[in-house]
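Chemist: based on what follows, work out the 3D shape:
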Amino acid sequence: MDGEKAAVRLVNFDREVRLDTGRKRVDFRIEIPVGTTTLNAWIELKHWLIGYQKGYKLNAQFYFSDPTSVGIKPDVEKLVKVREGSKYVLILATANPGEQEWFNGVTWFNKKYPSLSLKSLTNPAEFPQSYFIGLLQVVS
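Modeler: Model prediction:
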């Protein structure tokens with residue numbers, strides 16, 4: 001991030017940014033120069049293990065559907081409360097969940113939680129099988 005700031009592709013960044021006066025925090029806020037203005041982007045970070053752990057199969061559908069902090073619903077709800085800027089959830093998935101599982105998960109999330117909406121900006125087909133960097137835009 002310091003390198004991006006030095007190259008002026010980033011005006012500023014801050015981590016663990018408090019929302020209003022509450023206890024909730026967003027993992028990152030970055031300020032990006034666009035012409036003569038600066039845009040804010042708010043980012044929540046997640047890691048998803050895709051595969052088996054302790055006898056349980058963990059897949060993208062699990063993370064999209066789990067309403068606890070293991071899933072993304074609380075992160076998306078937090079980002080919806082941000083009043084300005086763009087909002088994203090950045091997910092490192094190890095391994096790649098595949099196109100069908102990923103996009104089915106996004107569709108399922110949007111149907112299950114109609115007051116929340118996600119748009120996938122990355123595609124698992126463009127990554128190796130060992131990992132996927134999923135970028136979801138929170139559409140509010």
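Chemist: for S130, which residues are in contact?
Modeler: The contact partners of S130, by Cβ atoms under 8 Å, 6 or more residues apart in numbering, come to T94, A95, N96. Quick note: C-beta positions are derived from backbone N, CA and C, even for glycine.
Chemist: for the second one, which non-adjacent residue is closest in space?
Modeler: Put plainly, it is A95. Leaving out its chain neighbours, the residue that sits closest to A95 by Cβ to Cβ, 6 or more residues apart in numbering is I50, at 4.8 Å.
Chemist: that neighbour and A60 touch, don't they?
Modeler: Yes: I50 is in contact with A60 according to Cβ atoms under 8 Å; the separation is 6.8 Å.
Chemist: can you pick the most crowded of the contacts of S130?
Modeler: N96 (21 neighbours; other Cβ atoms under 10 Å).
Chemist: enumerate the beta-bridge partners assigned to the nearest residue to it once chain neighbours are set aside.
Modeler: Nearest non-adjacent residue to N96, counting by Cβ to Cβ, 6+ apart: F132, 4.2 Å away. Beta-bridge pairing for F132 (DSSP bridges): A93.
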